[in-house]
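1. Okay, here's the prediction I keep looking at, along with the sequence it came from:
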Amino acid sequence: MGYVIATANMKGGVGKTTLTVNIATCLAKNYGKKVLVLDLDSQISATLSLMSPVDFAKRRKQKKTFRYLIDEIITPDANSPANIDEIIQPQMCNLPGLDLIPGDIDLYDEFVVSEMLHNQSIALGEQDFEIIWNRFERVLIRDILKPIRDQYDFILLDCAPGYNLMTRSALATSDFYLLPAKPEPLSVVGIQLLERRIAKLKDSHEHEAKINIKMLGIVFSMSNANLLNGRYYKQVMHRVVEDFGVEKICKAQIPVDVNVAKAVDSFMPVALLSPNTAGSKAFMQLTQEILEKL
Ligand SMILES: Nc1ncnc2c1ncn2[C@@H]1O[C@H](COP(=O)(O)OP(=O)(O)OP(=O)(O)O)[C@@H](O)[C@H]1O
Ligand SMILES: [Mg+2]
């Protein structure tokens, strides 16, 4: 069975999505792996890093986005059940092995989820709403991916910043998580906050099925953000090494490279569009390091 890996940090804009789509690309392109990217963020950045807005609009019109797989669980429609095989878009950017479940700007309605779980708890005579809610979180993404999990070497889950229902469900389902961070204090706080949340998530599920997610590594991205302040960034990284241990920090760091940001305009990850740039080379090194770690 393949690996399910979530990319998460409470902090926004630290390079989660860029990391997800580029690692997915390197795994498919350089190692012939079969990879699925699942976009869990209603900003749909992962989706728009792999397809144009026009193509996305078409998919959305055809009801072929992740939203319809969530809908299927919250409000099942016996007449037209959503089928994950039809929602997965294969060979993104014409790269064999790189598949995507497109995200949606409107993934789910919290009120509808709460109402459904409330009704469920009444029907089951379960007094403790928290138990029902935790169970739902734990199985939501797991159940959605179940029919296709064995078909992939890697399933990469691109989480939104913060800590919403989708992120919790992703973490409950994943074997590992990658933690991209910028070497700046607030980004580092994002690592600590997520670590604490994951410990709590594991605790709250301990009596049911155990959550076994492990950290795969902290990846410093945009690490030469300001060369003039290089020494300061080194100090911050040093602090992270002290807090988390040197073995948790990935050796490959992703430099600031305008080609990485520009690639989004071509709806293609930089690792595919311009493989000889510094950013691409760093993603390739990181992918190799991740494979060795696994
Ligand atoms: N190595 C890099 N060099 C230059 N620009 C980068 C690099 N990595 C990411 N970026 C740019 O920085 C911005 C934030 O990156 P990205 O969207 O990957 O972060 P994120 O953590 O997923 O953000 P969010 O929290 O909003 O989901 C994007 O515009 C992206 O193109
Ligand atoms: Mg993102």
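-> It's in. Residues are numbered from 1 along each chain as shown. Ligands and ions are numbered 1, 2, ... in the order given.
2. Which neighbouring elements make contact with the lowest-mean-pLDDT helix or strand in the chain?
-> Here the helix or strand of the chain ranked lowest by mean pLDDT, DSSP states H and E is helix 230-244, holding a mean of 81. If contacts are counted by 3 or more CB pairs under 8 Å, 6 or more residues apart in numbering; DSSP states H and E, helix 230-244 sits against helix 185-204, strand 214-220. For every residue, glycine as well, the C-beta is placed using N, CA and C.
3. In space, what's closest to whichever residue of the stretch 101-250 of the chain sits closest to ligand 1 - neighbours in sequence excluded?
-> Scanning the stretch 101-250 of the chain for the residue nearest ligand 1 gives Pro161, at 3.6 Å (criterion: CB to the nearest ligand atom). Leaving aside its chain neighbours, Pro161 sits nearest to Gly12 (3.5 Å; criterion: CB to CB, 6 or more residues apart in numbering).
4. For the stretch 1-150 of the chain, give me the ranges with low pLDDT.
-> Low-confidence segments of the stretch 1-150 of the chain (pLDDT under 70): 126.
5. Helices along that one, start to end?
-> 16-31, 45-50, 53-61, 66-74, 84-87, 110-123, 129-145 (DSSP state H, counting those that start in this stretch).
6. So for the last one, what gets flagged as buried?
-> Residues of helix 129-145 classed as buried under the neighbour-count rule (16 or more other CB atoms under 10 Å) are 132-142, 144-145.
7. Looking at those residues, spot the one nearest Arg231.
-> Closest to Arg231 out of those is Ile141 (41.7 Å), distances taken as CB to CB.
8. isn't that closest one right up against Thr173?
-> Yes: contact criterion CB atoms under 8 Å: Ile141 and Thr173 qualify, at 4.6 Å.
9. still on that earlier bit, C-alpha coordinates for whichever helix or strand comes after the least confident helix or strand of the chain, CSV please?
-> As assigned by DSSP states H and E, the chain's next helix or strand after helix 230-244 is helix 258-262. Taking C-alpha atoms only, helix 258-262 is exported to CSV below (Å, rounded to 0.1, in the frame of the first residue of the first chain):
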residue,chain,number,x,y,z
VAL,A,258,11.1,33.6,-9.0
ASN,A,259,10.7,30.7,-11.5
VAL,A,260,8.8,28.8,-8.7
ALA,A,261,6.2,31.6,-8.4
LYS,A,262,6.1,32.3,-12.1
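10. From ligand 1, how far off is Lys262?
-> Look at Lys262 and ligand 1: by CB to the nearest ligand atom, to the nearest Å, they are 8 Å apart.
11. how about the residues of this structure that lie near ligand 2?
-> Lys16, Thr17, Ser45 (CB under 5 Å from the ion).
12. Restricting to these, which residues neighbour ligand 1?
-> Restricting the residues of the chain next to ligand 2 to those adjacent to ligand 1 (criterion: CB under 6 Å from any ligand atom) gives Lys16, Thr17, Ser45.
13. what sits against the last one?
-> Taking CB atoms under 8 Å, 6 or more residues apart in numbering as the definition of contact, the neighbours of Ser45 are Thr17, Asp39, Asp158.
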